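Participant: Fold the following and give me the result.
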Amino acid sequence: MTAETSSAIVLVQSFRAPTNRKVASIILRFNRLPGKIMALLLAAFVLASCGSSPAASPNSKSTTTATYKSGSKSRAPAVTEVRRASSCYPSSLHSNIVNQGAAGGTDTLVISLRNVSHRTCELVGYPDVQMLRGSRHIPITLVRSTNPLGSVSRLRVTPVVVPRNAHAFLLLSYGNVSGTGGNKGCVFMNSLEIGVPGHRGWVPIWKGVDAPICDQGVFVSPFTARDPLPNTR
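Facilitator: I've put the predicted structure just below:
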């Protein structure tokens, strides 16, 4: 082995793990070598550098991590809240008797309530009923029923949304003949008013001649969206 070859081997070994102390001596030795030896050393250095990085194991798993910009958030779909209409005020309702009948000692009234306000409102449940004779309240037994006297089918208790100028309905029935016959034991009223649950004040329904209210009491239906007696007109 020649001196030049021996020096080249030493240089290659030195390139694998060079330190600060060896840098100056490596440069001096490298400059003294012939051209061919220098070329061989460069090639060996390149190969050693390429093999220094460990190859990925064929059994190693690859993991991809999603990155997001700071401050960015995924947004859930907007939820639109469905709001119920507020309750109808008595002052916003105009009443009318749209259907009336008398059979078997029972008077039946279908009362329409029109929303005369500028907003949609809602009626839920049963109305209050007040009967008077002049300014005096008539004591009555009020029976709230989904199948009051005179109704042709059972009604449901459900919220009734009343847009502006639309109508809601209720059915009112009472006996007009006492169980003993005639008007004995009956009370008389000449005005009728309806109350809205949760509100003060009354909606005037009717005012006129005396009408008897007899044994069975007064039956009232829940508010409905349609005339409960549409085929009796």
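
Participant: can we go C-alpha only for contacts and neighbour counts from here?
Facilitator: OK.

Participant: Arg84: what secondary structure?
Facilitator: With DSSP: H, G, I helix; E, B strand; the rest coil as the basis, Arg84 sits in coil.

Participant: Tell me the strands beside the helix or strand that contains Ser95, with direction?
Facilitator: In this assignment (DSSP states H and E), Ser95 forms part of strand 93-103. Within its sheet, and counting by DSSP bridges, strand 93-103 is paired with strand 106-115 (antiparallel).

Participant: Which residues does the partner strand contact?
Facilitator: With contact meaning Cα atoms under 8 Å, 6 or more residues apart in numbering, strand 106-115 is reached by 88, 92-102, 121, 149-150, 162-177, 205, 227-229.

Participant: mind redoing it with 7 Å?
Facilitator: 92-102, 150, 162-176 (Cα atoms under 7 Å, 6 or more residues apart in numbering).

Participant: Separate out the buried members of these.
Facilitator: 92-95, 99-100, 150, 162-163, 167-176 (16 or more other Cα atoms under 10 Å).

Participant: mind listing what Phe188 touches?
Facilitator: Counting by Cα under 7 Å, 6+ apart, Phe188 touches Arg133, Asp210, Ala211, Pro212, Ile213.

Participant: can you redo the residues you listed as CSV with pLDDT and distance to Arg84?
Facilitator: Below are those laid out as CSV (pLDDT from 0 to 100; distance: Cα to Cα, whole Å):
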residue, pLDDT, distance to Arg84
Arg133, 93, 38
Asp210, 87, 40
Ala211, 88, 39
Pro212, 89, 40
Ile213, 89, 37
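
Participant: Tell me where the protein is predicted with low confidence.
Facilitator: Scanning the chain for pLDDT under 70 picks out 1-83, 148-153, 179-183, 216, 230-233.

Participant: make it 90
Facilitator: 1-85, 99-108, 135, 139-141, 145-157, 175-187, 206-217, 227-233 (pLDDT under 90).

Participant: where exactly do the strands run in it?
Facilitator: 93-103, 106-115, 121-123, 128-133, 136-137, 142-144, 160-162, 167-175, 187-195, 203-213, 218-220 (DSSP state E).

Participant: want to throw those strands into a markdown table with distance to Arg154?
Facilitator: Converted to a markdown table, those look like this (distance: least, Cα to Cα, whole Å):
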| stretch | distance to Arg154 |
| --- | --- |
| strand 93-103 | 18 |
| strand 106-115 | 15 |
| strand 121-123 | 18 |
| strand 128-133 | 20 |
| strand 136-137 | 30 |
| strand 142-144 | 12 |
| strand 160-162 | 16 |
| strand 167-175 | 12 |
| strand 187-195 | 21 |
| strand 203-213 | 23 |
| strand 218-220 | 12 |
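
Participant: From the recorded domain assignment, give the ranges for the protein.
Facilitator: 3-50, 90-220 (automatic domain parsing).

Participant: Pull the contacting residues for Pro90.
Facilitator: Gly195, Val196, Gly201, Trp202, Val203.

Participant: What is the burial count for Val203?
Facilitator: The burial count assigned to Val203 is 20, neighbours taken as other Cα atoms under 10 Å.

Participant: Could you tell me which residues within stretch 200-209 count as buried?
Facilitator: Trp202, Val203, Pro204, Ile205, Trp206.

Participant: got the contact list for that stretch?
Facilitator: So stretch 200-209 is contacted by Pro90, Leu93, Ser95, Asn96, Asn190, Ser191, Leu192, Glu193, Ile194, Gly195 (Cα under 7 Å, 6+ apart).
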